[in-house]
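Undergrad: The sequence and its predicted three-dimensional model are supplied below.
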Amino acid sequence: MNADVVIVGGGPVGLYLAAVLLRQGVSVRVLERRIARNHHSRAIGIHPPALAALDQLGIARRMVAEGVPIRSGLAVSRGRTVGHMPFAGVSEAFPFVLSLPQYRTEQLLEEQVRALDSGALVSGMEVLEVAHDGGSASVSARPAGGAAQGSSTFRASIVIGADGPRSGIRDLIGVPVQRKTYPDHYVMGDFADHPEFGDRAVLFLESSGIVESFPLPGAVRRWVVRLGKPVGGATPEALARLVADRTEIHPEAATNTMLSAFSVRSSIARRTVSGRVILVGDAAHEISPIGGQGMNLGWLDAQALAPLIVQTVTGRHTPEDFRDYERGRYQAALRARRQAEINMLLGRPLPAPVLALRNSVIGAAAASPVVNQWVAGRFTMQQEFDASVVSGSSSRSCPG
């Protein structure tokens, strides 16, 4: 079972990379452990640089038509608006953050992959081993839950680990990980929308901790509440009470369609390029979900990596380009982690006098168009677009 590239992991990043490569004439096999997709809307925010990357596949406009373009955000505290952040200036093509459930994003990407090669996606496969030398790589896999003697070998020029934060590929090639944990814990859920806020994101900056609120398609709104300790046995009623206690807004518990609790950690792989095996997305860098950068960062990994893969499978392998890629994506992961840490710091509890001071600073910043635009660019990952432009200019100046 030979292909130019084997991608382990059929999530949003693995499917995006597969579609990009197939459009370039590169043969691909995507090995995905799951048989069916999780319909819980986990990652929902798609930032302008990622939309620009998805637009190259011709699906961004369809995603925008199905999703909710969030064109501005509000900061609210004790019932009063303390800041307003429009996204109009962050991108000419996509001046918003798109809200679309992850499962729908994956469906659209899978359709692209199957249209380009109906056999590219191999579902229900569990990877057992990965091997690579100077010129090729291979993956041994079996049907998930099956016997080892029923395994198959997939040979390729390059193997991509896009198999998430608990990456089996990363473990198999022995890449160490730099981990951090945080004193931040959250519970989130989706409820019938609150019409007051329309298509805006709202951050409730309260003394007992932040409450975040985002619109979703289908007249649904997500609520995320910061807690000081892990929550056990979360219920829609308990989350609705937390939201009401802090914001005086009452989500209807009976309308809940998703409920999840999580604690925050980050992990960054010490290496993302190991011979002919390359890690992307959460396998390379798990970032706090607060701020919605993780999936977007993975797509930008794949966008930067795809031209190097094409060069490799066409016999123009340049190790220095891969080293530049690895350094650049490591720096991007550090920037994303710092931004996530700032986002979490903003949401931690504060005494009332300190909260009032912080709110006045936020209000002053929001009143300055220059500062407001800079913050909006940071929030929407525009710095990653700027960095990719510089990187692209540098790589075009290299031989080959």
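TA: Nice, I can see it.
Undergrad: Just the buried residues of the strand or helix carrying residue 343, please?
TA: Using DSSP states H and E, residue 343 maps to helix 319-346. For helix 319-346, a neighbour-count test (16 or more other CB atoms under 10 Å) marks 321-322, 324-326, 328-330, 332-333, 335-337, 339-341, 343-344, 346 as buried. To be clear about C-beta, it is placed using only N, CA and C from the backbone, and glycine gets the same treatment.
Undergrad: and after that helix, which helix or strand comes next?
TA: Helix 319-346 is succeeded, C-terminally, by helix 352-367 (DSSP H and E).
Undergrad: Tell me which residues of that following helix come out buried.
TA: 355, 359, 362, 363, 365, 366.
Undergrad: Could you export those as a markdown table, including pLDDT and distance to residue 251?
TA: Output for the buried residues of helix 352-367, formatted as a markdown table (pLDDT from 0 to 100; distance: CB to CB, whole Å):
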| residue | pLDDT | distance to residue 251 |
| --- | --- | --- |
| 355 | 89 | 23 |
| 359 | 87 | 24 |
| 362 | 88 | 25 |
| 363 | 87 | 27 |
| 365 | 85 | 29 |
| 366 | 85 | 26 |
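Undergrad: Pick the one among those closest to residue 199.
TA: Set against residue 199, the nearest of these by CB to CB is residue 366 (18.8 Å).
Undergrad: show me the contacts for that closest one.
TA: By CB atoms under 8 Å, 6 or more residues apart in numbering, the residues touching residue 366 are 75, 82, 83, 84, 85, 372.
Undergrad: Show me what the first one bridges to in the sheet.
TA: Meaning residue 75. Taking DSSP bridges as the rule, residue 75 bridges to residue 83, residue 203.
Undergrad: so who does it touch?
TA: Counting by CB under 8 Å, 6+ apart, residue 75 has contacts 81, 82, 83, 84, 85, 202, 203, 205, 359, 362, 366.
Undergrad: any chance of those in CSV, plus distance to residue 21?
TA: Shown next, in CSV, are the contacts of residue 75 (distance: CB to CB, whole Å):
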residue, distance to residue 21
81, 46
82, 46
83, 42
84, 42
85, 36
202, 39
203, 38
205, 43
359, 48
362, 43
366, 42
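Undergrad: out of everything not next to it in sequence, what's closest to the most centrally placed residue in the chain?
TA: Nearest to the mean C-alpha position of the chain, counting by CA atoms, centre = their mean, stands residue 295 at 1.4 Å. In this structure, residue 295 finds its nearest non-sequential neighbour in residue 43, 4.4 Å apart by CB to CB, 6 or more residues apart in numbering.
Undergrad: Quick check: that neighbour is in a strand.
TA: No: looking at residue 43 with DSSP: H, G, I helix; E, B strand; the rest coil, it is coil, so not inside a strand.
Undergrad: isn't it right up against residue 13?
TA: No: Residue 43 lies out of contact with residue 13 (CB atoms under 8 Å); the separation is 10.6 Å.
Undergrad: shared neighbours of the two, anything?
TA: By CB under 8 Å, 6+ apart, the residues touching both residue 43 and residue 13 are residue 295.
Undergrad: Compare the two and say which is more crowded by neighbours.
TA: The neighbour comparison of residue 43 against residue 13 (other CB atoms under 10 Å) goes to residue 13, with 29 against 20.
Undergrad: Need the per-residue pLDDT for that one.
TA: pLDDT recorded at residue 13 is 97.
Undergrad: any idea how far the residue nearest to the centre of the chain is from residue 31?
TA: Using CB to CB, to the nearest Å, one gets 20 Å for the distance from residue 295 to residue 31.
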